[in-house]
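Engineer: give me a 3D structure for the following:
(4 chains)
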Number of protein chains: 4
Amino acid sequence: MIQVGVIGYGYWGPNIVRNLHALNSMQVTMVCDMNPAALARAQRAYPSLRAVSDPTEILRSPEIDAVAIVTPVWTHYELAKLALENGKHVFVEKPFTSTSAQAEELIELAARKKLTIMVDHTFLFTGAVRKIRELTESGILGDLYYYDSLRVNLGLFQHDVSVIWDLAPHDLSIMDHLIKGEPEAIVATGEKHLNGVEDVAFMTIYFPRNVIAHINVNWLSPVKIRTTLIGGQKKMVVWNDLVADEKVRVYDKGVQITSGDGIRDLLVSYRTGDMWAPQIEQLEALRVELDYFADCLMNSKAPFNDGESGLRVVRMLEAAEASIQKRGELVRL
Amino acid sequence: MIQVGVIGYGYWGPNIVRNLHALNSMQVTMVCDMNPAALARAQRAYPSLRAVSDPTEILRSPEIDAVAIVTPVWTHYELAKLALENGKHVFVEKPFTSTSAQAEELIELAARKKLTIMVDHTFLFTGAVRKIRELTESGILGDLYYYDSLRVNLGLFQHDVSVIWDLAPHDLSIMDHLIKGEPEAIVATGEKHLNGVEDVAFMTIYFPRNVIAHINVNWLSPVKIRTTLIGGQKKMVVWNDLVADEKVRVYDKGVQITSGDGIRDLLVSYRTGDMWAPQIEQLEALRVELDYFADCLMNSKAPFNDGESGLRVVRMLEAAEASIQKRGELVRL
Amino acid sequence: MIQVGVIGYGYWGPNIVRNLHALNSMQVTMVCDMNPAALARAQRAYPSLRAVSDPTEILRSPEIDAVAIVTPVWTHYELAKLALENGKHVFVEKPFTSTSAQAEELIELAARKKLTIMVDHTFLFTGAVRKIRELTESGILGDLYYYDSLRVNLGLFQHDVSVIWDLAPHDLSIMDHLIKGEPEAIVATGEKHLNGVEDVAFMTIYFPRNVIAHINVNWLSPVKIRTTLIGGQKKMVVWNDLVADEKVRVYDKGVQITSGDGIRDLLVSYRTGDMWAPQIEQLEALRVELDYFADCLMNSKAPFNDGESGLRVVRMLEAAEASIQKRGELVRL
Amino acid sequence: MIQVGVIGYGYWGPNIVRNLHALNSMQVTMVCDMNPAALARAQRAYPSLRAVSDPTEILRSPEIDAVAIVTPVWTHYELAKLALENGKHVFVEKPFTSTSAQAEELIELAARKKLTIMVDHTFLFTGAVRKIRELTESGILGDLYYYDSLRVNLGLFQHDVSVIWDLAPHDLSIMDHLIKGEPEAIVATGEKHLNGVEDVAFMTIYFPRNVIAHINVNWLSPVKIRTTLIGGQKKMVVWNDLVADEKVRVYDKGVQITSGDGIRDLLVSYRTGDMWAPQIEQLEALRVELDYFADCLMNSKAPFNDGESGLRVVRMLEAAEASIQKRGELVRL
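Structural biologist: A predicted model of the protein is given here:
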């Protein structure tokens, strides 16, 4: 059984521990947090866990096979590096690292040590994204036209990162998973109203073959919205992640261009048909993901949400950051 | 009574005629359309109207006091110019003109001839926008943070103009009406998938004092959405134009920055309270607007949706057009 | 071409005239209303119509083939009787008559004179009901379990009839159209709060084979709701008539009873699958219905919404009325 | 500190234990379940608990002050009786008992022994119901006209009780809490489709002064709905328990009757105004309720959700049961 140590028991850490706890293939034996209250909570909930306040106790423990790093992004690089150097596989929160250089170094280190990095892009394991991926892969949507995500709510403000680093990694990893072809360039705009980081931001990502993606993230919205429109030539998808049922709706609607009679006539014809909401798998995404992590470790498989995938997301975040500073200047990837 | 001639009896023209018909202060006496079928429809509906196929018959008729120009945008300039030259007041569809130079010329001409131009930014006369304007004017929202509009649906494709020229004038005129201060610069991105004009586009407009506006327009969405978020320091508004009731919702929510204990600590504090949906006036916006047009003519008042207002919208459209061609380059206004 | 006279030009009459006007098979030549203002409106809208204030002018006119009776229910019997006696076909508003005895007499009279009666159960001609009927007829829903309709809003109060006579005919005619087998008995409850007639009422209708229908009508609801649940063994339908798109949703959900291991064990097993919203025909229901009326007259077909169908609805209304007076006593049909 | 034993650790029991665990005023020391798997779960989650399979160990333990009975309804009477006889306070799941005779006996016994019974009508402690109660108590709604609840979903089928005993206790206890005056009579209808108990049922409850309540419960609905309309003379409420925010909406709408000119004229006048969604307290209802239970025990207060309140609900369930067997016969309370 794979022995796992979890570093960070704040907001997300308890979910990692709880889900690892339920797996037969992995066992959490150590947990670390600098906050004594968090550590006490962990100890109370799981009396058999060894709770430590110094992460190196986990990172150097000979009994630990894999480390879950569930700490603020600026600590990822150092913790992951030490873990890899000590021969541990790494499961790390998104975004992977603070810079692409750090990500590249960790990827190289893991390759050298034949260790696995998995970046916790949890959304890729939800029933909704799995279903949408199934739809895009099967070709049922036809050529992709656009991906447009609205992800807004009131807070939670982060002190050190902008709304882009906080909320956009979800969309960037989903886009990376769904859209064929590497993104070419990014334009980002936004504004700071309160504490010196952008709290409202808009990103446009250009892909090959006229595919365009757009992400709207906002910490100052009075209502919570999590809606993504995905337009294809043959069918279109609306994904509303906040409804209990029918999160993914597939519209048999399309627009096509046909030649008209005249030389310069291009006729646009519409097609509208039924709407269909496929049943979505209800499993907890994090459970599915950690199960997949165990499977990758035991069977030496490279996960699709590996370091490279994490790096691609960090590169887009860096490009967005650079663009927003210059008020929307196009940044090539 | 003001005698009005209406040029254009396609999609919107019949609404103009119907509403003019119901006013006591104005009388439609002539209607023009190049399409004989449209003309026959007008004649059948209003047997007393004089129906002509040549607009100059209206533009030169000594009996006509004001002309409503309800034709494609590329014809506005010439028709309006002739109308003004012949001493007629002008009520013209949005967008005002194809270029800002044309708009400037018409404004100058109208001023010289002491005639009135009203640009048909109908949305400004809806109960919803009137209520939102009341809220922003009263200061109840506090300092404005952002204006974010999502205006998407399937088609109607225009052959000659992009989705920006088709859908964004609504938002641009509303923004112009609500936000104090002149916009400083625009960043626009988008993509063409079908007939050579952008069918998906995103605009960011920078205003003074960190106010930011964003407009998402799309002809390729499977669902129709008309939702605008307006964030203020004290209160926030969600305007959903597609619901029958409670179109405007005011959220007593806010975020404030307070100094923390430490030197560099800035604490963000949230406030959440009740939501309130004020009753919205149910009058037909176009009726209210035409009534206001009559009032302006009879009492020699300058309408707030005058040529200048139309020009400001055209300038933003031009800037967006220029920006989108350069993939998001910042265009100063 | 069938010559039609329309009696009643209040709320619904103008829709009848407008739709008849658009048909090639019928021609409205006369219209009657006791209210001079209504008559003037009709005359202004359709200058070629002959407008009269005395219905007998229409009922006795040798040029008239069919009469549309769009007046309050208490006048239907006398007007329809006179129409039939004068050899005119009858298109009459719902509910058909004030009493089942009146309906029976009119049916008998029409049969004797070989004339057609069509009762204006407009809802049966909507795209939504046509689609639901298609689903029930095809057997795709499996055995029907229940029909449950919620039809509430604020007003319009009627002075002479209760909310049951005002709103329930819609549901009763739809039920009559969809559910096989004659209803067996009715239980109705309700309450009067304002002007001496029930403004809130609830009806349960028992059908053979455990099919049960329920109708909730209310003039005192702050929100307008038009939602019907239809449960079948294999699939279930939710019809929300107030949404623009996806009015009819078909759920691939079901419950089945299976024998368990033990002698008395009955296991209930659930099945849940996709949801599907078939495209709904967008034609105006009244247009389709009047077209069908013309077709029935020209081809001597008996309409499915004939006098018998109207009579069945009136019988249910009478039974509900009788039940509600005795606070829910079961009234057999 | 009050020592509590919990009997029943199936679906709801763990929530009771978890919430008791978090209170300072109470301590769970024993838990009982006949199912060894459930017991093992309890032991794993709370290693300090004493887990027993025989409820009498709890009921007779001298260390236990109060017992929470979280078992099927048919066991409540015997367990509660034994608890009271052994001098323990009782917190018991809804519905209180299977018959009103049982409830009366327990109430009498508790009074004699000076012990407290609290019936777990959890909904009364939700922020939504507390807010609605505040609205009705303050008189802001004006005279109450009706209470109309729709509580439908797919399953969970109970084998021993009908949908009325399963779902209606929620509404009956809320009604009992909100509506002044004792209910006078009940009419219930419904149908059995699967396992010999009603799976679809409708109840009308008559109150004094023309107040009417209606409850629609259904285990065979494809969608889950939890919506209650409450109509008052001055204001009306829509409570949708399934939305995250704005569960309670207050409509400033009303209908009034005024005398018209004529002798028999009664005019109905409408008033429509703003809608208002008061902020709702987000505390977990069960936590608030158990805190209140501790408060009642420590300060010898009689809870408002006492045995009498539980008895009133059981009497309505019995009446509904009797009425439904006779297809809607009025049963006086």
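
Engineer: report how many residues lie close to the residue lying closest to residue A:74 once chain neighbours are set aside.
Structural biologist: In this structure, residue A:74 finds its nearest non-sequential neighbour in residue A:98, 5.4 Å apart by CB to CB, 6 or more residues apart in numbering or on different chains. The C-beta positions use only the backbone N, C-alpha and C, and glycine is treated the same way. Counted with other CB atoms under 10 Å in any protein chain shown, residues neighbouring residue A:98 total 20.

Engineer: name the SS class of residue A:98, please.
Structural biologist: coil (DSSP: H, G, I helix; E, B strand; the rest coil).

Engineer: likewise residue A:140?
Structural biologist: Relying on three-state DSSP, one would call residue A:140 coil.

Engineer: name the nearest residue to it, sequence neighbours excluded.
Structural biologist: Residue A:140's closest residue in space is residue A:235 (CB to CB, 6+ apart), at 6.0 Å.

Engineer: what's the average pLDDT for stretch A:268-277?
Structural biologist: Stretch A:268-277 comes out with an average pLDDT of 86.

Engineer: circling back to that earlier point, dump the residue contacts of the residue nearest to residue A:140.
Structural biologist: A:135, A:140, A:141, A:142, A:250, A:251, A:252, A:253, A:254 (CB atoms under 8 Å, 6 or more residues apart in numbering or on different chains).

Engineer: for my notes, confirm the first one occurs in a strand.
Structural biologist: No - Residue A:135: not assigned to a strand; according to three-state DSSP it is helix.

Engineer: pretty sure it is touching residue A:144, no?
Structural biologist: No - if you go by CB atoms under 8 Å, residue A:135 and residue A:144 don't touch, sitting 10.6 Å apart.

Engineer: comparing the two, which shows the higher neighbour count?
Structural biologist: Legend: neighbour count by other CB under 10 Å for residue A:135 and residue A:144, higher for residue A:144 (22 against 19).

Engineer: residue A:46 and residue A:27, how far apart?
Structural biologist: 11 Å (CB to CB, to the nearest Å).

Engineer: between the two, which has more neighbouring residues?
Structural biologist: Taking other CB under 10 Å, residue A:46 and residue A:27 do not tie; residue A:46 has more neighbours (17 against 14).

Engineer: next one: phi and psi at the more buried one?
Structural biologist: Backbone torsions of residue A:46, given as degrees, to the nearest 10, read phi -130, psi 80.

Engineer: any idea how far it lies from chain D?
Structural biologist: In this structure, residue A:46 and chain D are 10 Å apart, going by CB to the nearest CB, to the nearest Å.

Engineer: and that residue, how far from residue A:22?
Structural biologist: Relative to residue A:22, residue A:46 is positioned 12 Å away (CB to CB).

Engineer: mind listing what's buried in stretch A:278-297?
Structural biologist: A:278-280, A:284-294, A:296-297 (16 or more other CB atoms under 10 Å in any protein chain shown).

Engineer: which ones among these map onto helices?
Structural biologist: Among the buried residues of stretch A:278-297, DSSP state H puts A:285, A:286, A:287, A:288, A:289, A:290, A:291, A:292, A:293, A:294, A:296, A:297 in helices.

Engineer: which helices and strands does the lowest-mean-pLDDT helix or strand in chain A pack with?
Structural biologist: The helix or strand of chain A with the lowest confidence, counting by mean pLDDT, DSSP states H and E, is strand A:266-277 at a mean of 83. The contact analysis (3 or more CB pairs under 8 Å, 6 or more residues apart in numbering or on different chains; DSSP states H and E) places strand A:266-277 against strand A:248-259, strand C:266-277.

Engineer: deepest of these, which one?
Structural biologist: strand A:248-259 (a mean of 19; mean count of other CB atoms under 10 Å in any protein chain shown).

Engineer: right, is that strand up against chain B?
Structural biologist: Yes - using CB under 8 Å from any CB of the partner chain, we find that strand A:248-259 touches chain B at A:251, A:253, A:255, A:256, A:257.

Engineer: that strand packs against which elements?
Structural biologist: Packing partners of strand A:248-259 (3+ CB pairs under 8 Å, 6+ apart): helix A:127-138, strand A:236-240, strand A:266-277, strand B:220-232.

Engineer: packing partners for the first one?
Structural biologist: When you say that, I think you mean helix A:127-138. So helix A:127-138, by 3+ CB pairs under 8 Å, 6+ apart, packs with helix A:163-178, strand A:220-232, strand A:236-240, strand A:248-259.

Engineer: send me that helix as CSV with only the CA atoms.
Structural biologist: This file holds the C-alpha atoms of helix A:127-138, laid out as CSV (Å, rounded to 0.1, in the frame of the first residue of the first chain):
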residue,chain,number,x,y,z
GLY,A,127,-18.6,14.0,-14.1
ALA,A,128,-19.4,17.2,-16.0
VAL,A,129,-15.9,17.7,-17.5
ARG,A,130,-15.6,14.0,-18.2
LYS,A,131,-18.8,14.1,-20.1
ILE,A,132,-17.9,17.2,-22.1
ARG,A,133,-14.5,15.6,-22.9
GLU,A,134,-16.4,12.6,-24.2
LEU,A,135,-18.5,14.9,-26.4
THR,A,136,-15.5,16.8,-27.8
GLU,A,137,-13.5,13.6,-28.3
SER,A,138,-16.3,11.8,-30.1
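
Engineer: what's that helix in contact with?
Structural biologist: Under CB under 8 Å, 6+ apart, the answer for helix A:127-138 is A:123-124, A:141, A:144, A:174, A:177-179, A:230, A:232, A:235, A:237, A:239, A:241, A:247-248, A:250, A:278, A:280-283, A:285.

Engineer: again, 7 Å this time
Structural biologist: Helix A:127-138 is contacted by residues A:123, A:141, A:144, A:174, A:177-178, A:230, A:237, A:239, A:241, A:247-248, A:250, A:278, A:280-283 when judged by CB atoms under 7 Å, 6 or more residues apart in numbering or on different chains.

Engineer: mind checking the SS state of residue A:300?
Structural biologist: At residue A:300 the chain is in coil, as set by three-state DSSP.

Engineer: pLDDT score for the residue nearest to residue A:140?
Structural biologist: 95.

Engineer: ok, residue A:23 - contacts?
Structural biologist: Residues counted as contacts of residue A:23 (CB under 7 Å, 6+ apart) are A:290, A:291, A:294.

Engineer: contacts only, for the second one.
Structural biologist: Contact partners of residue A:291, counting by CB under 7 Å, 6+ apart, are residue A:23.

Engineer: cheers, nothing more for now.
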